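In: Predicted model and sequence follow; I will ask about them next.
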Amino acid sequence: MEAFVNQHKAKTLKRQTVITTMTTLKKNLHLQNTSTARPILGLLVCFLYEEALYALPRAFFKVPLLVPGLSYPLETFVESLSDKGISDVIKVLVLREGQSAPLLSAHINMPVSEGLAAA
């Protein structure tokens with residue numbers, strides 16, 4: 001991950017992720033344009049995950065125009081489908097329309113769902 005950050009540290013984006021630990025997890029992604037003058041548009045967010053373990057209502061969506069300096073909260077929910085007490089990684093990619101290489105990526109180690117682990 002450090003190599004990826006070093007390679008892309010000149011990019012004008014940053015992200016923050018917050019996860020709670022329940023059967024349905026609220027996923028907040030905060031994107032911020034760190035440029036001082038240029039807005040960013042034409043971005044897409046894609047969640048890659050194991051469909052046998054999780055369900056997301058919006059696994060792929062377009063990001064609105066990002067004005068410099070403002071943090072934009074983007075929200076989705078992750079539902080845990082497994083009753084086996086296992087967890088996996090969800091990958092989050094921020095892409096520019098028309099380009100295959102992500103501008104930003106994150107791997108999120110999902111917790112074992114408390115509701116299912118206690119059963």
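Out: Ah, there it is.
In: residues contacting residue 95?
Out: Counting by Cβ atoms under 8 Å, 6 or more residues apart in numbering, residue 95 touches 43-46, 101-103. C-beta: built from backbone N, CA, C; applies to glycine.
In: and it, what element?
Out: Per DSSP states H and E: residue 95 is located in strand 89-96.
In: What strands line up against that strand, and which way round?
Out: strand 43-48 (antiparallel), strand 104-109 (antiparallel) (DSSP bridges).
In: Can you find the helix or strand in this structure with the smallest mean pLDDT?
Out: helix 114-117 (a mean of 50; mean pLDDT, DSSP states H and E).
In: Dump the contacts of residue 95 to JSON lines, plus pLDDT, neighbour count and distance to residue 78.
Out: As requested, the contacts of residue 95 are exported to JSON lines (pLDDT from 0 to 100; neighbours: other Cβ atoms under 10 Å; distance: Cβ to Cβ, whole Å):
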{"residue": "43", "pLDDT": "94", "neighbour count": "20", "distance to residue 78": "21"}
{"residue": "44", "pLDDT": "94", "neighbour count": "17", "distance to residue 78": "18"}
{"residue": "45", "pLDDT": "93", "neighbour count": "20", "distance to residue 78": "14"}
{"residue": "46", "pLDDT": "94", "neighbour count": "14", "distance to residue 78": "14"}
{"residue": "101", "pLDDT": "93", "neighbour count": "9", "distance to residue 78": "25"}
{"residue": "102", "pLDDT": "94", "neighbour count": "17", "distance to residue 78": "20"}
{"residue": "103", "pLDDT": "92", "neighbour count": "16", "distance to residue 78": "22"}
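In: Among the residues you listed, give me the pair with the biggest separation.
Out: Greatest spatial distance among those (Cβ to Cβ): 45 and 101, at 15.0 Å.
In: Any buried residues in the strand holding residue 95, and which?
Out: 90, 92-95 (16 or more other Cβ atoms under 10 Å).
In: Quick check: of those residues, which lies closest to residue 33?
Out: Set against residue 33, the nearest of the buried residues of strand 89-96 by Cβ to Cβ is residue 94 (11.4 Å).
In: Name the nearest residue to that closest one, ignoring sequence neighbours.
Out: Sequence neighbours aside, residue 104 is the residue nearest to residue 94 in space, at 4.1 Å (criterion: Cβ to Cβ, 6 or more residues apart in numbering).
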